[in-house]
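Enquirer: Generate coordinates for the sequence data below:
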Amino acid sequence: MINNSRIKKKLIRSIGKRALKIKRLFKKTNWLAHHGIERSGTNYLRSCLIFLKIDLINEFDGSANNPQHKHFRWYQDKSLIPSFRSHLLNNINAKNLSDINRLCDYPNDTKHVIVKKTLIKGMTSLANYAANDDWFKSKDEIKKNIPIILEDYKAYYNFWEKISRENSNQVILICYEDLVTSSKKLLEILEKIGISPKVKVPKQLIFDEVDQSPKNREKFFSENEISEIISG
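Expert: Numbers count the residues shown, from 1 in each chain. Okay, the predicted model is just below:
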């Protein structure tokens, strides 16, 4: 049976990508890019930015080893990219924001917002993602690989925190827990980097559905369990 919903989404995505490509031909400034490790709230952040009608230069995901992808591993030591996540492997390095924008083919004044969960919440989400997405054959195997996942996690955010310190007027991090509680924090950080919403903003941004984020994922790990593994 043909899945009409899937075909419709694919068509909308195709039209959207074409429209973005055309828009970039005429709009040469004041773009925003979003970033974050897997299951950090990037899809929710993207929904917020689209709702606010902000010009999102990397709205559509390509391959995960493409610099424009929100999950791209920019950090220098590529040996920290887990071997069991080979689709993320790349040999591209950037020393500063200028390098990032050049390698992504973004305008020099492009702003960047990075979403991050607190460490235990973020690692718990990744552990459950690993279980739901069948990275390994068993829960015990995931536990053994938690230190490897943690090093990748730390390297991802250490890179962006460094870039943010060096370019605080263009690059900023936001905590996912703040993002979902109220739109106030998002508006504050957007104002700090010179990005303005084009619509009236509600006190909280709630969506019936967030793209690529199914609501009923099974939870194999609790935060307490992950905390014990990391601290052990």
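
Enquirer: I figured residue 126 hits residue 149, correct?
Expert: Yes. Counting by CB atoms under 8 Å, residue 126 does reach residue 149; the two are 5.6 Å apart. No exception for glycine: its C-beta is placed from N, CA and C like everyone else's.

Enquirer: Mind checking which of these two has more residues around it?
Expert: Using other CB atoms under 10 Å as the criterion, residue 126 and residue 149 rank with residue 126 on top: 24 against 20.

Enquirer: Could I get the buried residue list for the longest helix belonging to the chain?
Expert: Criterion DSSP state H: the longest helix present in the chain is helix 139-166. Buried residues in helix 139-166, counting neighbours by 16 or more other CB atoms under 10 Å, are found at 142-143, 145-146, 149-150, 152-153, 155-157, 159-160, 163-164.

Enquirer: same question, stretch 59-73
Expert: For stretch 59-73, by 16+ other CB under 10 Å, it's 59, 61, 64, 65, 67, 68, 69, 70, 71, 72, 73.

Enquirer: quick one, strands of this structure?
Expert: 32-35, 111-116, 171-175 (DSSP state E).

Enquirer: just the ones you listed: most buried one?
Expert: Ranked by average neighbour count under the criterion mean count of other CB atoms under 10 Å, those are headed by strand 111-116 at a mean of 25.

Enquirer: ok, back up a step: can I get the strands of the chain in TSV with distance to residue 53 and mean pLDDT?
Expert: Shown next, in TSV, are these (distance: least, CB to CB, whole Å; pLDDT from 0 to 100):
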stretch	distance to residue 53	mean pLDDT
strand 32-35	11	98
strand 111-116	15	98
strand 171-175	18	98
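
Enquirer: Can you convert the ones you listed into CSV and add a column each for distance to residue 207?
Expert: Shown next, in CSV, are the strands of the chain (distance: least, CB to CB, whole Å):
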stretch, distance to residue 207
strand 32-35, 15
strand 111-116, 15
strand 171-175, 17
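
Enquirer: So for residue 91, which of those sits nearest?
Expert: Closest approach to residue 91 among the strands of the chain (CB to CB): strand 32-35, 19.3 Å.

Enquirer: Residues in contact with the closest one: which ones?
Expert: If you take CB atoms under 8 Å, 6 or more residues apart in numbering as the criterion, strand 32-35 is touched by 42, 45-46, 49, 54-58, 68, 70-72, 104, 106, 110-115, 160, 193, 195.

Enquirer: for the longest helix of the chain, what is the average pLDDT?
Expert: Helix 139-166 shows a mean pLDDT of 98.

Enquirer: And the pLDDT for the residue most central in space within the chain?
Expert: In the chain, the C-alpha nearest the mean C-alpha coordinate belongs to residue 36, at 2.9 Å (CA atoms, centre = their mean). At residue 36, the pLDDT value in this model is 98.

Enquirer: Surely it and residue 72 touch.
Expert: No. Applying CB under 8 Å as the test, residue 36 and residue 72 come out as separate, 10.7 Å apart.

Enquirer: follow-up on the earlier one: which one of the buried residues of stretch 59-73 sits closest to residue 180?
Expert: Comparing the buried residues of stretch 59-73 against residue 180 with CB to CB picks out residue 70 as the nearest, at 17.6 Å.

Enquirer: Spatially nearest residue to residue 54 (excluding sequence neighbours)?
Expert: Of all residues not flanking residue 54 in the chain, residue 32 sits nearest, at 5.5 Å (CB to CB, 6 or more residues apart in numbering).

Enquirer: Report how many residues lie close to residue 107.
Expert: For residue 107, the count of nearby residues is 15 (other CB under 10 Å).
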